[in-house]
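S.K.: model this:
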Amino acid sequence: MTGTTDNKTPLAGSARPQRPPAALRIAALFISVVLHPLFMPTLLTYAVYLLAPVSFAAIPAGVFLRWLAMVAVNTLLLPLVCVLLLKGLGFIESIHMPRLKDRIIPLIAGMTFYFWAYQVAKGVDMPFIMNVLLLGNFWGIVLLFLVSIFYKVSMHTAAAGGMLGIVIVLMIINPINMQLPLFLALLAAGLAGTARLLLRAHTPGEIWLGYVIGIMAEIAAYLYLL
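M.R.: Coordinates of the predicted model:
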């Protein structure tokens, strides 16, 4: 017995889930934009540069800026242009890609761009931590694609999980105390997941699966390249 007359009629006196206040929704939308997966590889590249100065000690600033631009082009600009083109041509319903089928082509394109970024990193002998970051990003998007064939996953928390994963790798290989970066990464990851829940973009299961995918991809990349 469910206590309902049919599958669409709620129990008498039961309350529908309340929408969060407008201020919370605006804050959640702001966090979702700032911590958008498109921005994360570029932000993490710069963060790694700051947090692992020993790895970049012999790298001139101009060279690093060219690397940063390469990462931004391949993981931010090209995927963004691809999504906008797909929306303009009618292949996807919305740039927010709420439906699983809307995510397939953008993720395939993203895999191509992320793979190329990693190949460039290998070709120009970037520091080990950069290879880990970019390979982990590539593996993360591959996992997202495979899982998204059957089940929706939060791409925001997958990106946030990747951030946590690279911080964990830095804690292993970096002589600098990483307690504050770890705390900030945990805070940012928590905000990303909370924002997606407040906007009702994902279920808790989709949120947690995203974290797991992101963390596993970066740690697996580290173990593979070790």
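
S.K.: so where is this protein shaky, pLDDT-wise?
M.R.: Residues of the chain meeting the criterion pLDDT under 70: 1-17.

S.K.: in it, which helix has the most residues?
M.R.: The helix that spans the most residues within the chain, counting by DSSP state H, is helix 100-123.

S.K.: Helix 100-123 and the helix or strand following that helix, what's the angle between them?
M.R.: Using DSSP states H and E, the helix or strand that follows helix 100-123 in sequence is helix 128-148. On the basis of axes from the mean of the first three to the mean of the last three CA atoms, to 10 degrees, helix 128-148 is oriented at 160 degrees to helix 100-123.

S.K.: Would you mind writing the CA trace of helix 128-148 as CSV?
M.R.: Coordinates of each C-alpha in helix 128-148 appear next as CSV, following Å, rounded to 0.1, in the frame of the first residue of the first chain:
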residue,chain,number,x,y,z
PHE,A,128,55.3,15.3,-14.2
ILE,A,129,52.4,17.0,-12.3
MET,A,130,51.1,18.6,-15.5
ASN,A,131,51.1,15.2,-17.3
VAL,A,132,49.2,13.7,-14.3
LEU,A,133,46.7,16.6,-14.4
LEU,A,134,46.0,16.4,-18.1
LEU,A,135,45.9,12.6,-18.3
GLY,A,136,43.6,12.6,-15.3
ASN,A,137,41.3,15.1,-17.1
PHE,A,138,41.2,13.0,-20.2
TRP,A,139,40.5,9.8,-18.3
GLY,A,140,37.8,11.6,-16.3
ILE,A,141,35.9,12.7,-19.4
VAL,A,142,36.2,9.2,-20.8
LEU,A,143,34.6,7.8,-17.7
LEU,A,144,31.9,10.5,-17.8
PHE,A,145,31.1,9.5,-21.4
LEU,A,146,30.9,5.8,-20.6
VAL,A,147,28.8,6.3,-17.5
SER,A,148,26.6,8.9,-19.2
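
S.K.: Give me the distance from that helix to the chain's centre.
M.R.: How far helix 128-148 lies from its chain's middle: 10 Å, per CA atoms, centre = their mean, to the nearest Å.

S.K.: re earlier: not counting the longest helix of the chain itself, show me its contacts.
M.R.: 41, 67, 70-71, 74-75, 78-79, 82-83, 86, 91-94, 97, 130-131, 134-135, 137-138, 141-142, 144-145, 148-149, 151-152, 155 (CB atoms under 8 Å, 6 or more residues apart in numbering). For glycine as for every other residue, the C-beta is placed from the backbone atoms N, C-alpha and C.

S.K.: repeat for stretch 62-77
M.R.: Here stretch 62-77 has contacts from 38-39, 41-42, 45-46, 49, 56, 110, 113-114, 116-117, 120-121, 124, 126, 130, 134, 137, using CB under 8 Å, 6+ apart.

S.K.: try 6 Å
M.R.: Leu38, Pro41, Thr42, Thr45, Tyr49, Phe113, Trp116, Ala117, Val120 (CB atoms under 6 Å, 6 or more residues apart in numbering).

S.K.: Just the buried ones from those residues?
M.R.: Among those, the ones that count as buried by 16 or more other CB atoms under 10 Å are Leu38, Pro41, Thr42, Thr45, Tyr49, Phe113, Trp116, Ala117.

S.K.: Any chance of a markdown table for those residues, columns distance to Leu24?
M.R.: Formatted as a markdown table, these follow (distance: CB to CB, whole Å):
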| residue | distance to Leu24 |
| --- | --- |
| Leu38 | 24 |
| Pro41 | 28 |
| Thr42 | 28 |
| Thr45 | 31 |
| Tyr49 | 34 |
| Phe113 | 34 |
| Trp116 | 39 |
| Ala117 | 35 |
